[in-house]
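Undergrad: After the sequence you'll find the predicted model.
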Amino acid sequence: MALRDPEKQADGDPEEDTATALQRLVELTATRVTPVRTLRVQYRLIQKLGSGSYGHVLLARPRQGGPAVALKLLPRDSVLRTTFLREFCVGRCVSSHPGLLQTLAGPLETPRHFAFAQEYAPCGDLSGMLQERGLPELLVKRVVAQLAGALDFLHSRGLVHADVKPDNVLVFDPVCSRVALGDLGLTRPEGSPTPAPPGPLPSAPPELCLLLPPATLPLRPAVDSWGLGVLLFCAATACFPWDVALAPDPEFEAFAGWMTSRPQPPQPPPPWDQFAPPALALLQGLLDLNHETRSAPLAVLDFLGDDWGLKGNKERPGGLGNTSSEDREGEEEGGASLEEWSEEEEDHDKGGGRMGTDGGEP
């Protein structure tokens, strides 16, 4: 199914493929990015939610009113304009699905950053829930069922997320009644040439880990199936199953040896032996070493009524331990780290900053 902007569908060939439709949307959106001197023109900036190689995410409230949003900032000195536009367009086109983080209208650019708003998840990301132990079985099932639906929605539109991991799953309430897959920065049309990960990545499938630069593989939905299988393991155990899906990683070698043994030993190696047979069958399908026979994400739905053997994962007292939305929104505008970022932007606007440098970004 061709990609379509849910707000404004431009005239075109209804049979065009996803890559062509996405490129057309990027070109149309490029003329609709609003330049502003500073983000404070449109938003009251509250606090920083996160930062990394991609840039920053700030908690903000629109000055014209409305709920708080997560404002994603991408530095113009290290992120191509087309990369920013592609992530924004993909986000807008798939925002109708509740399992995908909603991207809001109105992309912006300042002298130093590209920016767009997304819905704000008050409970942070899934990795914040997994710092000590795995989730109760009911919550694990809720999380993976919602993500399976979100991935199926993406795949039906010719897209592959390509970065399924706990950090990219946003949580809206303490019991995971709603979670949403975010960070579409690596999402590409199916078939796009994909290189090996830049470094060891526990969620990357073996077919990508085996690549040697400059070789690439066509991007397939099986990459997301593998990521979902690794995420299921993480949600149940609060740890990754291996550092990298490649020999000589000992954890991966033990798992791969069990998977390829014929006849297969009835008892899997630790820590896989903690899962009940139905959960093991699901994991074996999602983590099939052969990407051509790997299960689709919706295979999760066939196992939701079964016992997964996670009864030892008890409900934890005190909720998630994350800062609540009320606490965050109650902080004064311009906390210490946010003030540091704001001064950097304003200095540039006055002529004191330099394009093409990090300028001491926090």
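TA: Sure, I can see it.

Undergrad: quick one: the helices in the stretch 51-200 of the chain?
TA: Ranges of helices in the stretch 51-200 of the chain, per DSSP state H, counting those that start in this stretch, are 81-93, 137-156.

Undergrad: List just the one of those helices that sits closest to Pro263.
TA: helix 137-156 (28.7 Å; C-beta to C-beta). Bear in mind the C-beta positions are built from the backbone N, C-alpha and C, glycine included.

Undergrad: Could you check that closest one and say which residues are buried?
TA: By 16 or more other C-beta atoms under 10 Å, the buried positions in helix 137-156 come out as 137, 139-155.

Undergrad: quick one on the thing from earlier: would you convert the helices of the stretch 51-200 of the chain into TSV that also reports mean pLDDT and distance to Gly50?
TA: Converted to TSV, the helices of the stretch 51-200 of the chain look like this (pLDDT from 0 to 100; distance: least, C-beta to C-beta, whole Å):
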stretch	mean pLDDT	distance to Gly50
helix 81-93	97	16
helix 137-156	98	20
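
Undergrad: got any ranges where the stretch 101-250 of the chain has weak pLDDT?
TA: For the stretch 101-250 of the chain, no stretch is flagged by pLDDT under 70.

Undergrad: chain center to stretch 268-288: distance?
TA: Taking C-alpha atoms, centre = their mean, to the nearest Å, one finds stretch 268-288 lying 24 Å from the centre of the chain it belongs to.

Undergrad: How about stretch 203-219?
TA: The answer for stretch 203-219 is 19 Å, by C-alpha atoms, centre = their mean.

Undergrad: count of neighbours near Pro263?
TA: A count of nearby residues for Pro263, using other C-beta atoms under 10 Å, gives 5.

Undergrad: Residue ranges of each domain in the protein, please.
TA: Domain ranges of the chain: 18-120+332-349, 126-303, per automatic domain parsing.

Undergrad: any chance of these in CSV, plus distance to Lys314?
TA: Converted to CSV, these look like this (distance: least, C-beta to C-beta, whole Å):
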stretch, distance to Lys314
domain 18-120+332-349, 26
domain 126-303, 7
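
Undergrad: what's the closest of those domains to Gly309?
TA: Closest among the domains of the chain, using C-beta to C-beta: domain 126-303, at 3.2 Å.

Undergrad: That closest one spans what distance, first to last residue?
TA: End-to-end span of domain 126-303 (C-alpha to C-alpha, to the nearest Å): 22 Å.

Undergrad: Number the residues from 42 up from this point.
TA: I'll keep to 42 as the first residue from here, and by that count the last item is domain 167-344.

Undergrad: Fine by me, we can end here.
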